[in-house]
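Chemist: Mind looking at a prediction? Sequence and model below.
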Amino acid sequence: MIVGTNLFAIPFSAGGLYSTVEDLYRWDRALYTEKLVSKKSLDQMFEPYRDGYGFGWKILREFQRKVLTYAARVNGFSASIRRYPDDDACVIVLSNLENIDAQKISHDLGAILFDVPYGSPMDRHAMP
């Protein structure tokens, strides 16, 4: 029993997951096939049902392209994946810092990928 701790602040399942960019890229590649799930399930997964969401994926248009995206933050981690299925492209950002905006980084990397202007990070200057 944990005493004096808000149990809802402890990321049980999410904190128990482990992946790498390479693993997530393999998963992305598999989503172009029927190795994991049927075509019907894939179509349902990537079809917007409510507020632009499919089965866990936010479905948008950016850079005049369809993008499927998922981003999350949990104690100690942040992550973002952007899939551009019509371009067979994927951007994955994983961070071991929860205050890193992985979603903005993945968006900006997508802009670089498609040669679209993006907001560059602030210039930093050494203080005297």
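Modeler: Structure received. Residues are numbered from 1 along each chain as shown.
Chemist: so is Leu109 in a helix, a strand, or just coil?
Modeler: Secondary structure, DSSP: H, G, I helix; E, B strand; the rest coil: Leu109 is helix.
Chemist: what's the single longest strand in this structure?
Modeler: Counting by DSSP state E, the longest strand found in the chain is strand 65-74.
Chemist: Give me the contact list for that one.
Modeler: 11, 14-15, 46, 54, 56-61, 78-87, 98, 102-103, 106, 110, 114 (Cβ atoms under 8 Å, 6 or more residues apart in numbering). Quick note: C-beta positions are derived from backbone N, CA and C, even for glycine.
Chemist: what mean pLDDT does it have?
Modeler: Mean pLDDT, computed over strand 65-74, is 89.
Chemist: Dump the helix or strand just after that strand to CSV, restricted to CA.
Modeler: Later in the chain than strand 65-74, the nearest helix or strand by DSSP states H and E is strand 77-84. Output of strand 77-84 as CSV, limited to C-alpha atoms (Å, rounded to 0.1, in the frame of the first residue of the first chain):
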residue,chain,number,x,y,z
PHE,A,77,8.5,11.3,-20.8
SER,A,78,7.0,12.9,-23.9
ALA,A,79,6.5,11.5,-27.4
SER,A,80,5.0,12.2,-30.8
ILE,A,81,4.5,10.3,-33.9
ARG,A,82,3.3,11.8,-37.2
ARG,A,83,2.4,9.5,-40.1
TYR,A,84,2.0,10.9,-43.6
